[in-house]
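Peer 1: Build me a model from this:
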Amino acid sequence: MINLSGDAAGGRARRSTVADLVRSMSYEVVPFNNAERDVVEHVPTTVPLTVTVTEAKGIDHTLDLTEKLLGHGYRVAPHLPARQFTDDQHVADVVVRLSDSGVKSVFVIGGDAPQPAGKFADAFSLLRSMEAAGHPFQDVGIGGYPEGHGSIPREAIDLALKQKASMATRILTQICFDADTTSRWAAGVAASGIDLPIFVGMPGPVNRQKLVRISAGIGLGQSARFLQKQQNLFWRFLLPGGYNPTKLVKRLGTAVPKTLNNIAGLHIFTFNELRGTEQWRQRLLASLETEDGRS
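Peer 2: Reported below is the predicted structural model:
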C-alpha cells in the first residue's frame, strides 16, 4: 500500500506541522511525450506520483506511462476518470491490466469530459463498478474541493464525498490558494466522520508560459475547460509576486495546526516542471534540516 503520509490519520483528527506537509509530498505528472524521461532524470523514486489523463490521448496513454514508471521503481497511481469509461467490462479490463502490472494505488475522479463515454457520470459510480469487479488496489484516492465546485452545489459535493469515502483510503484536494479555507474545510470533513488522510493539492513552481503550453497540449475541448477552471491560477502567475509555492506551504503550516483535521501532506501539481519542482522540494527539505539544527 502506498502510504503518502508516512503516518495515516489513524481514525482521528490530527494537527500536521509544516515539516509533516513537506516530508509527505507527492507529484502529479501529465502524460506528455517526454514525461518518462523527465521523471527519471529529475525525480527520486521515493516521491510518490500520480499520472493524469488527457482527453486527447485517453486512458490507455496514462496506463502506458504508469507501467513505464513502475518499471523504473516509482510508486505510481494513475488517474481513472469515470467519464472516459464505456461500461463495466471496460472497468474490469483496466482493473486486470493494472493489477497484472503491479499497480497498488489509483486516483478515481469524475473527469471533465462534457459527455460520459458510457454509463459512468461520476467517481462514485466508477468506484462501485470497481468494487463489483473485485479490484485489488490497496490505496484508492478520491477528490476533495475546499472551495466547492463551479458547477455542482456544495450540498451535492458534500454528499458525494461521504458516498465515496467508504470506498477510498485518501483524499487529494483541488487547488485552493487560501490556507485558512483549506484548513477549515478539512476540519469540517473530519467533523463529519470522514477520517481519511487529506493531501492538499497545490501548484509547484511553474510559470505562466508553461501553463499555456500544458493547456495547448491536452486537447482543444479539455484545454478550454482547463483555462476556465484555472483562471485564478493564471492571474496569480501573471501578477508580479502573485504566487509563491513556498509562501503557500508556510501559510498552510500555520493554518493547518489551528484546526482538528486529517491533513497529512501535499500533492503538487507539477505541470511537468519536474526539474524545478524537485529543486524546490529539496530546498524546502534543506530549510527544515537547518531549522531542526537550530532547535
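Peer 1: C-alpha from now on. contacts and neighbour counts both.
Peer 2: Will do.
Peer 1: per-residue confidence at residue 123?
Peer 2: For residue 123, the model assigns a pLDDT of 96.
Peer 1: before we move on, what about residue 292?
Peer 2: For residue 292, the model assigns a pLDDT of 59.
Peer 1: now the stretch 1-150 of the chain, which segments are flagged as low pLDDT?
Peer 2: Confidence mapping of the stretch 1-150 of the chain against pLDDT under 70 gives the ranges 1-15, 150.
Peer 1: As a check, name the ranges of all strands in it.
Peer 2: Listed in chain order, the strands found in the stretch 1-150 of the chain under DSSP state E, counting those that start in this stretch are 25-29, 49-51, 76-81, 105-109, 139-144.
Peer 1: which of those strands sits most buried?
Peer 2: Ranked by mean neighbour count, the strands of the stretch 1-150 of the chain are led by strand 76-81 with a mean of 27 (mean count of other Cα atoms under 10 Å).
Peer 1: And the next helix or strand past the helix or strand hosting residue 163?
Peer 2: Here residue 163, judged by DSSP states H and E, is contained in helix 154-165. Downstream of helix 154-165, the next assigned helix or strand under DSSP H and E is strand 170-173.
Peer 1: centre of the chain versus that next one, how much separation?
Peer 2: Relative to its chain's centre, strand 170-173 lies at 7 Å (Cα atoms, centre = their mean, to the nearest Å).
Peer 1: same for it, what does it pack against?
Peer 2: strand 139-144, strand 198-203 (3 or more Cα pairs under 8 Å, 6 or more residues apart in numbering; DSSP states H and E).
Peer 1: Report the backbone C-alpha coordinates of that strand in CSV.
Peer 2: In CSV, the C-alpha atoms belonging to strand 170-173 read as follows (Å, rounded to 0.1, in the frame of the first residue of the first chain):
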residue,chain,number,x,y,z
ARG,A,170,-7.3,9.1,1.0
ILE,A,171,-8.4,12.4,-0.4
LEU,A,172,-6.5,14.7,-2.8
THR,A,173,-7.8,18.2,-3.0
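Peer 1: what is the rounded mean pLDDT of it?
Peer 2: Strand 170-173 comes out with an average pLDDT of 96.
Peer 1: and it, which strands flank it?
Peer 2: strand 139-144 (parallel), strand 198-203 (parallel) (DSSP bridges).
Peer 1: From the centroid of the chain, which residue is nearest?
Peer 2: residue 172 (4.7 Å; Cα atoms, centre = their mean).
Peer 1: Can you name the residues bridging to that one?
Peer 2: Here residue 172, judged by DSSP bridges, has bridge partners residue 143, residue 199.
Peer 1: Count residues in the vicinity of residue 95, would you?
Peer 2: As a burial measure, residue 95 scores 19 neighbours (other Cα atoms under 10 Å).
Peer 1: Tell me the pLDDT of the residue nearest to residue 148 when sequence neighbours are not counted.
Peer 2: Excluding its sequence neighbours, the residue lying closest to residue 148 (Cα to Cα, 6 or more residues apart in numbering) is residue 154, at 5.9 Å. With respect to pLDDT, residue 154 scores 84.
Peer 1: The residue nearest to the centre of the chain and residue 269 touch, don't they?
Peer 2: No. With contact defined as Cα atoms under 8 Å, residue 172 does not reach residue 269; the gap is 11.0 Å.
Peer 1: which neighbours do those two share?
Peer 2: residue 201 (Cα atoms under 8 Å, 6 or more residues apart in numbering).
Peer 1: How much space separates residue 248 from residue 171?
Peer 2: 19 Å (Cα to Cα, to the nearest Å).
Peer 1: neighbour-wise, which of these two wins?
Peer 2: Higher neighbour count among residue 248 and residue 171: residue 171, with 26 against 18, using other Cα under 10 Å.
Peer 1: Thank you, goodbye.
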